[in-house]
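1. Here you go, sequence then predicted model.
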2 protein chains.
Amino acid sequence: MSTPPNTSLYLRACFREPTPRPPVWMMRQAGRYLPQYRATRSQAGDFLSLCKNPELACEVTLQPIDLVGADVAILFSDILVVPEAMGMELGFFEGEGPRFADPITCAADLDRLGRPDPNVELRYVMDAIGEIRKGLAGRTEPIPLIGFTGSPWTLATYMVEGGGSKTFSKIKAMMYAQPKLLHQLLEKTTDAVIDYMTAQVAAGAQSVQIFDTWGGILSGPDFEEFSLRYIRRIVDGVARVAPDGARVPVIVFVKGGGQWLEKIADTGCDVVGLDWTVDPADAVARVGDRVALQGNLDPCTLYAPVDVIQQRTRTMLNGFKGASGYIANLGHGILPDIPVAHAKTFINTVKESTSGG
Amino acid sequence: MSTPPNTSLYLRACFREPTPRPPVWMMRQAGRYLPQYRATRSQAGDFLSLCKNPELACEVTLQPIDLVGADVAILFSDILVVPEAMGMELGFFEGEGPRFADPITCAADLDRLGRPDPNVELRYVMDAIGEIRKGLAGRTEPIPLIGFTGSPWTLATYMVEGGGSKTFSKIKAMMYAQPKLLHQLLEKTTDAVIDYMTAQVAAGAQSVQIFDTWGGILSGPDFEEFSLRYIRRIVDGVARVAPDGARVPVIVFVKGGGQWLEKIADTGCDVVGLDWTVDPADAVARVGDRVALQGNLDPCTLYAPVDVIQQRTRTMLNGFKGASGYIANLGHGILPDIPVAHAKTFINTVKESTSGG
């Protein structure tokens, strides 16, 4: 089955169909490195208010399309809106990151967690998706919209730790000492995520990415049991067909997951996202015939002078030659102090290439 | 060439000779989880004063031998004493970690860095080694002393960032934008480290471990160019024979280096240290016939109840069956809030096993 001829480069690459060049976008492309983002955010107030304002969330989602030339729009939101919708009080503190007021510590805490109706508790996300699709309509080059979620394991790390962590002592203590409790938390979170992803697709997301930011802190067997198992349930459970009948590709990105690419590809996802520690040619050899690949320039490369960015980007593109489908991206989110011109250099270097599959 | 019959389990395992059971120790085993360590430290004042007091450094080095039964003593010190001896002002701040007052930012900063004489500027380390060897003498079971260093890349991250970092933006910006400057810094640091390791061996260290805590944040080619190349120089440059004629095995531990085990084994080291994300059987299959292996229980496992620690430790030991040489350890340093009884359970479970090579 081949996609219609007017399908975006991105969707064609996801389905491993030939493209004249690879599509390109950047994780966290709607972000603080853009002065226009900072302006919109200060208009919204804080970070969470920006997530919850569909018009402004739409505005920042569209900025990198128009300002740096990304081929794909990714919904502006945060992975932690799901635990918040499940009933956990969430705050974002400048320089400190997110904080849950009452982390999960015991079985009784699980009873506090509800199964949100995404069209009610997360209505603002669905409204933003509708706005963004309107904003993307009628462009010469079709720009698809990607929705996203955190993986249940990654969401659970924040729900148990209360915020970011260096050692992840609390969630790991729960994993080793109370694995059943953790599985119950992961089950509840997985149900909420499947509902949320299904609603995003119904609202207009044309692809979805599952971010497993913290899968890489686990041993192989624990990654399988506490993270990948639930990612697989989401890949199986989310609607893979959009309201207009188009197929909806699923990307799975596990930061630090380079040792487990085969297992990640086996989830049934369409695209495996790679961080920069993974050698592109190695990834192509291992799973490039089964899934499309996405990534993987070190975001810190964009601190370099323009000629180094160009050279590093070309080396990356060469490494992915031979992939049956390939989407150029960074290996993690773009950092807030990157010059906009450097982000453009990355995007333009991909656009000037001809290394599409 | 086989080692003398009264050689420790540890040294025999390093040289891939048969042992009735694997030797066992724990990274950061002289640490805050021990009440006796906390008592000695408060006597010394701050952390750095403890490092610089040979009698007290000896005392805390010996504590885990007597209190939890480790088969190996590892010098109590800090990797950052080398940059300090090179001329950088170092402070440790409670809850914040180490801080250099004037991080390296430009070529002029390199001129500030000297090549320390380890028997002068780091005399206190050599004195501690002498004290520890005296404290270990005459035991029924021979307990060897391991010295250590940070890898040049890992030392450079602290010297450039000024302290710990989440994104490593500064050192990476230097790496991508001013690679020559970074290579100069790494050269200077490597020279200092080789002198320091040579002095440690002359003073009585019977083995040395190179800690590359931050090698895993690099792409494969950058790891090769900015970290592994300098580790190889140290492995080549350090004296491999002790004053008494005994061979001095070198361990290389790269946290997050699971994708590069073959390359790490190729440095010529005797032992490759593994973090817990690496599958033991996979490591055995990849490099277990060329080097001894060390590791790799997730330090957070020690939060679990005793029966889970036992079961997880046995699973790990089973995974390493088939290694030509094996040293049981954690996959990273023991955490400060681990119950002492749980550390003992780990050690004793290894001691009760018979899975030596």
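-> Cool, got the structure. Residues are numbered from 1 along each chain as shown, chains lettered A, B, ... in the order given.
2. Endpoint to endpoint, stretch A:30-49 covers what distance?
-> With C-alpha to C-alpha, to the nearest Å as the measure, stretch A:30-49 spans 15 Å from end to end.
3. Could you list the buried residues of that stretch?
-> Buried positions in stretch A:30-49, judged by neighbour count with 16 or more other C-beta atoms under 10 Å in any protein chain shown: A:A30, A:G31, A:Y33, A:L34, A:Y37, A:T40, A:R41, A:A44, A:F47, A:L48. To be clear about C-beta, it is placed using only N, CA and C from the backbone, and glycine gets the same treatment.
4. can you pull the contacts of the last one?
-> Okay, so that is A:L48. The contact partners of A:L48, taken as C-beta atoms under 8 Å, 6 or more residues apart in numbering or on different chains, are A:D78, A:L90, A:G91, A:F92.
5. hey, which helix or strand in chain A has the poorest pLDDT?
-> strand A:90-93 (a mean of 87; mean pLDDT, DSSP states H and E).
6. just to revisit the earlier point, where helices are concerned, which of the buried residues of stretch A:30-49 count?
-> Counting by DSSP state H, the part of these found in helices is A:Y37, A:T40, A:R41, A:A44, A:F47, A:L48.
7. so the fifth one makes contact with A:G91?
-> No - no contact is recorded between A:F47 and A:G91 when judged using C-beta atoms under 8 Å, the distance being 9.7 Å.
8. hang on, the earlier thing: okay, among the buried residues of stretch A:30-49, which ones form the most distant pair?
-> A:Y33 and A:L48 (20.0 Å; C-beta to C-beta).
9. pretty sure A:L34 contacts A:L67?
-> Yes - with contact defined as C-beta under 8 Å, A:L34 reaches A:L67; the gap is 6.2 Å.
10. Pull up the overlap in contacts between these two.
-> Taking C-beta under 8 Å, 6+ apart as the contact rule, A:L34 and A:L67 both touch A:V340.
11. chain center to stretch A:39-50: distance?
-> 21 Å (C-alpha atoms, centre = their mean, to the nearest Å).
12. Enumerate the residues of the stretch 251-357 of chain A near chain B.
-> Residues of the stretch 251-357 of chain A lying close to chain B (C-beta under 8 Å from any C-beta of the partner chain) are A:256, A:258-259, A:276-279, A:282, A:298-301, A:303-305, A:308, A:312, A:335, A:337.
13. try 7 Å
-> A:258-259, A:276-277, A:279, A:298, A:300-301, A:303-305, A:308, A:335 (C-beta under 7 Å from any C-beta of the partner chain).
14. Serialize the residues you listed to TSV and add fields for secondary structure, neighbour count and pLDDT.
-> Putting those into TSV (DSSP: H, G, I helix; E, B strand; the rest coil; neighbours: other C-beta atoms under 10 Å in any protein chain shown; pLDDT from 0 to 100) gives the following:
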residue	secondary structure	neighbour count	pLDDT
A:G258	helix	25	97
A:Q259	helix	19	95
A:W276	coil	25	98
A:T277	coil	27	97
A:D279	coil	19	97
A:D298	coil	25	97
A:C300	helix	27	97
A:T301	helix	26	97
A:Y303	helix	22	96
A:A304	coil	23	96
A:P305	coil	13	96
A:V308	helix	17	97
A:L335	coil	19	97
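15. going on from whichever strand or helix holds A:T61, what's the next piece of helix or strand?
-> Assigned by DSSP states H and E, A:T61 falls within helix A:54-67. Going down the chain from helix A:54-67, the next helix or strand is strand A:73-74, by DSSP H and E.
16. Mind giving me the packing neighbours of that next one?
-> When contacts are defined as 3 or more C-beta pairs under 7 Å, 6 or more residues apart in numbering or on different chains; DSSP states H and E, strand A:73-74 packs onto helix A:54-67, strand A:145-150.
17. got these as JSON lines, with mean neighbour count, mean pLDDT and distance to chain B columns?
-> Output for the helices and strands packed on strand A:73-74, formatted as JSON lines (neighbours: other C-beta atoms under 10 Å in any protein chain shown; pLDDT from 0 to 100; distance: least, C-beta to the nearest C-beta, whole Å):
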{"stretch": "helix A:54-67", "mean neighbour count": "20", "mean pLDDT": "98", "distance to chain B": "20"}
{"stretch": "strand A:145-150", "mean neighbour count": "23", "mean pLDDT": "98", "distance to chain B": "18"}
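18. so which of these comes closest to B:L145?
-> strand A:145-150 (45.6 Å).
19. between the closest one and helix A:54-67, how big is the angle?
-> On the basis of axes from the mean of the first three to the mean of the last three C-alpha atoms, to 10 degrees, strand A:145-150 is oriented at 120 degrees to helix A:54-67.
20. now check the following helix or strand past strand A:145-150, is it near chain B?
-> Using DSSP H and E, the helix or strand that directly follows strand A:145-150 along the chain is helix A:152-161. No - taking C-beta under 7 Å from any C-beta as the criterion, helix A:152-161 and chain B are apart, separated by no less than 12.1 Å.
21. The helix or strand following helix A:152-161 near chain B anywhere?
-> Of the helices and strands lying after helix A:152-161 in sequence (DSSP H and E), the nearest is helix A:169-177. Yes - for a cut-off given as C-beta under 7 Å from any C-beta, helix A:169-177 has contacts with chain B, namely A:S169, A:K172, A:A173, A:Y176, A:A177.
22. next one: whatever helix or strand comes next after helix A:169-177 to chain centre, how far?
-> Going down the chain from helix A:169-177, the next helix or strand is helix A:179-203, by DSSP H and E. Computed by C-alpha atoms, centre = their mean, the chain-centroid distance of helix A:179-203 equals 16 Å.
23. What is helix A:179-203 packed up against?
-> helix A:81-85, helix A:107-111, helix A:123-136, strand A:145-150, helix A:152-161, helix A:169-177, strand A:207-212, helix A:229-237.
24. which residues touch A:M174?
-> Counting by C-beta atoms under 7 Å, 6 or more residues apart in numbering or on different chains, A:M174 makes contact with A:V160, A:L181, A:L182.
25. try 6 Å this time
-> Residues near A:M174 by C-beta atoms under 6 Å, 6 or more residues apart in numbering or on different chains: A:V160, A:L182.
26. how near is it to A:M88?
-> 16 Å (C-beta to C-beta, to the nearest Å).
27. cool, and A:P144?
-> In this view, A:P144 and A:M88 are 31 Å apart by C-beta to C-beta.
28. neighbour-wise, which of those two wins?
-> Just comparing A:P144 and A:M88: by other C-beta atoms under 10 Å in any protein chain shown the higher neighbour count belongs to A:P144, 24 against 21.
29. My guess is that one contacts A:Q206. True?
-> Yes - counting by C-beta atoms under 6 Å, A:P144 does reach A:Q206; the two are 4.3 Å apart.
30. Quick check: which of the helices and strands packed on strand A:73-74 is nearest to A:L293?
-> Of all the helices and strands packed on strand A:73-74, strand A:145-150 comes closest under C-beta to C-beta, at 15.8 Å.
31. And that closest one, what does it pack against?
-> Applying 3 or more C-beta pairs under 6 Å, 6 or more residues apart in numbering or on different chains; DSSP states H and E, one finds that strand A:145-150 makes contact with helix A:179-203, strand A:207-212.
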